[in-house]
Structures are given as C-alpha cells and as structure tokens.
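A.B. asks: Please work out how this folds:
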Amino acid sequence: MILSNLYKEYKNENLKYLFAMKQRILGNSGMQVSAVGLGCMGITHASGRPMSKQDGIEIIRKAYDMGYTFFDTAECYTAIYPDGSTAYNEEVVGEALRSVRNKVVIATKYGVHHGGDRLILDSRPDTIRNSVEGSLARLGTDYIDLYYQHRIDPNVEPEDVAETMAMLIKEGKIRYWGISETNEDYLRRAHAICPVTAVQNRYSMMARWHESLFPVVEELNIAYVAFSPLANGFLSGRYDENSRFEQGVDFRSNMPQYTSEGFVRSRELLDLLNELARQKNATPAQISLAWMLCKNPFMIPIPGSRKTERLQENLRASEITLITEEIAMIDTLLDKTDFLIFGGH
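C.D. replies: Purely as a prediction, here's the structure:
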C-alpha cells in the first residue's frame, strides 16, 4: 500500500509514523536520512564474487538516484580480484558519491581486520587515528558523517574510545560517531564521555536478541541502525531449500537459516509474510522492513543488494505500514518460534 491509500484507510495511532517513514532523523545528530539506508558491504565482500569497481560505482549511484541518502561501508570490506588486485569498498562508495557528497550521509567503521577465519579487533587510539586517515583518503572526502567502532575491543576501555572520538569530532575529521554490536553497559559508559549518535547491531524478525537496547537508545536519543534486516536475504522469500551460494566468497553458504532445517523452522513465518504481502500488494521483504519501521521511529534498516530492482523494492518499504493488530500477529508468531539464524544465541 502507498501512503495516500493508507491515509484514507487507517485513522489511528499508526498515522503518526507515516510521514516520518520516508525520512528519519539520525539520532541526536539532527541529520535527515532516507528511512531505508544502503548497506554497501555486499558489493565487494561476502555476497559472492565481488562486483567490478565500475559496476559497484554504478549501482551505488543508481541507489542515490532512487532516493537513498544513507550509505554504509567499512575499512575492512575489501575485494580480491582474480588478477590479485584489491578493491576497497570505501573507494567504490566514495567515487560513486563524490559529486553529491553534500547531499548524502556516509557511515564507515574502524577497529576490525580480517585475519583468515577470524576477526582481529583493535580500537587503540593510535590505531583509530591511522584508520580515520585511511578511510578519509579512500572515500575521497575531508570528513566522515558517522564513524562507527566496528566491534567492541575487550582490551580498550569505552572511555578511551569515546575520548578519541571526541577529539576527532573537534578536529572536524568526523561529525558523529557510533558503535556496532554494542551492549548497554559499554554504550552508556561511552555515551557519558562523548554522545553516541547511532548503534549498528544485527536486527531482523529472526534476530531479536538486541531488543533490550531499544529503551536505552530511545532514552538517549540514539538511532538504531539495523544490519542484516532481512536475515541475510532469507526473509526476501526469494530462496528455498535448493538455493546454493558460492563457498568461500558468499557467507550465506554456511548460514544455518539456509539449511533444510532452517526452512522448516521458518515456514510459518514465511507463509505469514507471503500472505501479508499479498494483502498489501507488497513483497515479503517490504513487509519485513515495514515491521521494524512501523514499530520503532528510531530504527533505520540498511539492507544491501547488487540488483536495481531489489534496491527499489527495499526503499519502497517505507511506503508501507502495518497496523497494530498486524504487528501483534507477527510478534506472537516470532515469540513462539525457535529460528536457526547466523549469529543467534
């Protein structure tokens, strides 16, 4: 359903969200961003063989032309091509958005490097300073709108990280900062030193273990940026038990939701998404994104895709609403279902 139809049909408390859904305020920054942002990781990393740099630039620019204004990347999102050359996701994002730099919000991250099959965490102040200079150069910009600590480093106190962020803000290298995969204690300690603008944690219908943070981010006026909001594409409804992904270059090849058991456990949810999509002339992906947008005004999902039609589909999820009863019906099902999901616990 589009907003004009919803306005005629629903005259209840849900209307207060409708006209905020195409744009959202990014936490305490005051910056307006598209209600659905673009996670750019998959262009070069973790979603199959990387796109060429030029193809990646073109798809990001198409996203901007559609209406996306919030773009997410990281220093560790890289691509190794068959000739041995390396492409950095930040370079692709920066080149694509250079001519519209003052019209978009670019988020990137520091503190994580890939060491084979494990993540190397390093948020020491000197490392952060080296990272920010590298990201500025690769993005081709003189400031970063939103700079995330990519993961908590157990060897560095949150106060030390926050003090470094405060200095980078004062120096004009970054405008605001955030934390990815944080918990309440770490967030509050960091926020007390230098206000945090956004949390970026995993969140979807199938990955709800961070919901205890919702009252905290609302209290502190922090945005919740949801990565993997479609459970790594699973909730799009475009895959089945026979779907196959490239081993070694597509992380979905080892994700438990894509196993036969994963589909069995998720069948009732997928059926409900398909039925709601049919009723609203939408897609399961749009219903999944609308569910989180309608529930939480501080929520900004950042699904990713390499396909123009999927980018358009995801962006238009902000034109769909679910009334209270529909959300309650979904939540009841989610509460009673034990999903298999990457990152679950």
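
A.B. asks: From now on I want contacts and neighbour counts done on CA atoms only, so please keep to that.
C.D. replies: Noted.

A.B. asks: in the chain, which spans are helices?
C.D. replies: For the chain, the helices defined by DSSP state H cover 3-9, 15-18, 53-66, 89-97, 125-139, 158-170, 184-193, 214-220, 260-279, 284-295, 308-315, 324-336.

A.B. asks: do you know which of the ones you listed lies nearest Tyr110?
C.D. replies: Of all the helices of the chain, it is helix 125-139 that lies closest to Tyr110, at 6.2 Å by CA to CA.

A.B. asks: by contact count, what packs against the closest one?
C.D. replies: Packing contacts for helix 125-139, counted by 3 or more CA pairs under 8 Å, 6 or more residues apart in numbering; DSSP states H and E, involve helix 89-97, strand 105-110, helix 158-170.

A.B. asks: could I get those as CSV with mean pLDDT and distance to Cys294?
C.D. replies: CSV is the format used below for the helices and strands packed on helix 125-139 (pLDDT from 0 to 100; distance: least, CA to CA, whole Å):
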stretch, mean pLDDT, distance to Cys294
helix 89-97, 97, 29
strand 105-110, 98, 23
helix 158-170, 98, 32
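
A.B. asks: need these in TSV with distance to Gly343, can you?
C.D. replies: Listed next are those as TSV, based on distance: least, CA to CA, whole Å:
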stretch	distance to Gly343
helix 89-97	23
strand 105-110	20
helix 158-170	23
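
A.B. asks: Would you convert these into CSV that also reports distance to Lys280 and mean neighbour count?
C.D. replies: Listed next are those as CSV, based on distance: least, CA to CA, whole Å; neighbours: other CA atoms under 10 Å:
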stretch, distance to Lys280, mean neighbour count
helix 89-97, 34, 24
strand 105-110, 31, 24
helix 158-170, 44, 19
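
A.B. asks: Quick one: closest of those to Arg129.
C.D. replies: Nearest to Arg129, of all the helices and strands packed on helix 125-139, is helix 158-170, at 8.3 Å by CA to CA.

A.B. asks: Check which helices and strands that closest one sits against.
C.D. replies: Where contact means 3+ CA pairs under 8 Å, 6+ apart, helix 158-170 is packed against helix 125-139, strand 174-180, helix 184-193.

A.B. asks: Sheet partners, orientation included, of the second one?
C.D. replies: Right, strand 174-180. Here strand 174-180 is paired, per DSSP bridges, with strand 144-149 (parallel), strand 198-202 (parallel).

A.B. asks: Any idea which of those gets closest to Val92?
C.D. replies: Here strand 144-149 is closest among the strands paired with strand 174-180 (CA to CA), at 15.1 Å.

A.B. asks: quick one: contacts of the closest one?
C.D. replies: 105-111, 123, 136, 173-180 (CA atoms under 8 Å, 6 or more residues apart in numbering).
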